[in-house]
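Engineer: coordinates only, sequence not included:
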Ligand code: AP5
Ligand code: MG
Ligand code: ZN
């Protein structure tokens, strides 16, 4: 099963991915998480990606596609995967199709989370994440522990660099300009399902399950 989770920054891709990967028993492949893990361990890939990410721009397609190609060839992805944040441009969607063809696979479904812009800004500006394991909270909707110590790994909880106001604005613009065509791309192939991303995380989980049934 190869599932794409598509949606603007703050739509709840990471939140919903946690439930979907348990349900379908596939690994969670988030390009944003892979870039952040590379940055945390100081690899050349992470350092190159940082400049783009901090200002809310996309990392160049070539670099991103190569990284995903390597990830999808790892043994745990042989049963499928949940792609979160990839593809993000029409060129990435084309490249993914080519890659999967060489692996004898195809995308089963592209699930698009639809959330209005003002709610996205509220979610992103209030998001807090663990610097160790990436677990997420929201200052109003799902408050983090008062001591800002992650209950899962003991890491420190803080804000993502790209959740600063200027970067949020840029990310939303980049999404509308460069990533919206990805939805049309999968719609044209009859593989797009759009689900409202408003309501509680469990409401959205139920809507996604319904769309998949
Ligand atoms: P990435 O890490 O993918 O970030 P993003 O797409 O901007 O999305 P987010 O992770 O910010 O949001 P999300 O949808 O996961 O929402 P979440 O569940 O956390 O990418 C970061 C950067 O990496 C990019 O800008 C780019 O530079 C680079 N990059 C990544 N992929 C790339 C690619 N393919 N090509 C090129 N560059 C790439 O939820 C957000 C908040 O809302 C949380 O606080 C959460 O608790 C809360 N929340 C979630 N659901 C609900 C709900 N139902 N109700 C209320 N609150 C909710
Ligand atoms: Mg995410
Ligand atoms: Zn943690």
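Structural biologist: Done, it's in. All of these numbers come straight from a predicted model, not from anything done at the bench. Ligands and ions are numbered 1, 2, ... in the order given.
Engineer: hang on, residue 126 packs against residue 143?
Structural biologist: No: the pair residue 126 / residue 143 is not scored as a contact, 9.5 Å apart, by CB atoms under 8 Å. From N, CA and C alone the C-beta is placed, and that goes for glycine too.
Engineer: so residue 103 versus residue 60, what's the distance?
Structural biologist: 23 Å (CB to CB, to the nearest Å).
Engineer: okay, residue 126 and residue 143: which has more neighbours?
Structural biologist: Higher neighbour count among residue 126 and residue 143: residue 126, with 17 against 11, using other CB atoms under 10 Å.
Engineer: list the contacts for residue 79?
Structural biologist: 1, 25, 26 (CB atoms under 8 Å, 6 or more residues apart in numbering).
Engineer: any idea which element residue 112 lies in?
Structural biologist: strand 109-114 (DSSP states H and E).
Engineer: for this structure, which residues are neighbours of ligand 3?
Structural biologist: Within reach of ligand 3 by CB under 5 Å from the ion, the chain has these residues: 130, 132, 133, 135, 150, 152, 153, 155.
Engineer: quick one: the strand holding residue 112 to chain centroid distance?
Structural biologist: Centroid separation for strand 109-114 versus its chain: 11 Å, with CA atoms, centre = their mean, to the nearest Å.
Engineer: closest residue of the protein to ligand 1?
Structural biologist: The minimum distance from the chain to ligand 1, using CB to the nearest ligand atom, falls at residue 32 (1.9 Å).
Engineer: count of residues packed around that residue?
Structural biologist: By other CB under 10 Å, 20 other residues sit near residue 32.
Engineer: do residue 132 as well
Structural biologist: Neighbour tally, residue 132, other CB under 10 Å: 15.
Engineer: which residue is the nearest non-sequential neighbour of it?
Structural biologist: The spatial neighbour of residue 132 that comes closest, neighbours along the chain excluded (CB to CB, 6 or more residues apart in numbering), is residue 155 at 2.3 Å.
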